[in-house]
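*Asks:* What follows is a predicted structure for the sequence shown.
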Amino acid sequence: MTTDDPTLIEESLIRGLRGTVLEIGAGDGANFGMLDESVDWIGLEPNPDDTDALRARAAQFGRRREPLVASAEDNPLDDESVDGVLSTAVLCSVGDPQAALAEIVRVLRPGGSFVFIEHVAAKRGSLLRGVQRVATPITRRLDRGCHLDRETVASIRGSGLEVVELHEYRLPSGLGFTVPFVAGRAVNG
């Protein structure tokens, strides 16, 4: 796909998922409209207060599975039980990114895809990276554990997944600066 539009990139990646797909940190179901209708969706949401809204939205989109209340680091699914995993702005807030990625690798079937859309750390040594480092203790407390300065792509590569598609872009923060994001797909070898 040739486009510089982050929304089109994200939609294309999500629409490309097929089969049984686990969405970690499913939140309020914001991605339902982008998932192919044929997808057998499984939602994993660690916050039990969010599951009622997620359940209602899932029903609106014809998703029949009950959301699972569990963390990405403690996934109740069987080994090699899904064809795809979807993560949108989740790996920044998990308590242990390496454990979450190990669980993703564990539940993905061989050849399965991990689609990720995440904000990431700015370039080392940049002013924005310094701002992220200073702001992270605040965002961890106020924004569900969000770490603005995580090296997410390096963590994904270190998990054993092969990154086969990667798009880097910046989105406005609303505070006068842009935030670096990545969207991509990794395959379970």
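*Replies:* Arrived safely. Numbers count the residues shown, from 1 in each chain.

*Asks:* who are the neighbours in contact with residue 15?
*Replies:* Shown here is residue 15, whose contacts under the criterion Cβ atoms under 8 Å, 6 or more residues apart in numbering are 34-36. All C-beta atoms are positioned from the backbone trio N, CA, C, and that covers glycine.

*Asks:* Please convert the buried members of these into ChimeraX selection syntax.
*Replies:* Applying 16 or more other Cβ atoms under 10 Å to those leaves a buried subset, and the ChimeraX line that selects it is:
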select :34,35
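
*Asks:* how about the lowest-mean-pLDDT helix or strand in the chain: buried residues?
*Replies:* Across the helices and strands of the chain, mean pLDDT, DSSP states H and E gives its lowest value to helix 127-142, namely a mean of 81. Going by neighbour count (16+ other Cβ under 10 Å), the buried part of helix 127-142 is 128-129, 131-132, 135-136, 139.

*Asks:* any chance of those in a markdown table, with distance to residue 122 too?
*Replies:* Compiled in a markdown table, the buried residues of helix 127-142 are given as follows (distance: Cβ to Cβ, whole Å):
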| residue | distance to residue 122 |
| --- | --- |
| 128 | 4 |
| 129 | 4 |
| 131 | 8 |
| 132 | 6 |
| 135 | 11 |
| 136 | 12 |
| 139 | 14 |
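
*Asks:* Out of the residues you listed, which comes closest to residue 14?
*Replies:* Residue 14 has its nearest neighbour among these in residue 139, at 24.9 Å by Cβ to Cβ.

*Asks:* related to what we said a few turns ago, how far away from the center of its chain is the least confident helix or strand of the chain?
*Replies:* Relative to its chain's centre, helix 127-142 lies at 20 Å (Cα atoms, centre = their mean, to the nearest Å).

*Asks:* now swap in stretch 22-29 and tell me
*Replies:* The chain centroid and the centroid of stretch 22-29 are separated by 8 Å, computed with Cα atoms, centre = their mean.

*Asks:* Could you do stretch 21-36 as well?
*Replies:* Mean-position distance between stretch 21-36 and its chain equals 10 Å (Cα atoms, centre = their mean).

*Asks:* Pull the number of nearby residues for residue 60.
*Replies:* By the other Cβ atoms under 10 Å criterion, the neighbourhood of residue 60 contains 10 residues.

*Asks:* Tell me which stretches of this protein form strands.
*Replies:* With strands called from DSSP state E, the chain shows them at 20-24, 40-45, 68-69, 82-88, 108-119, 161-172, 178-188.
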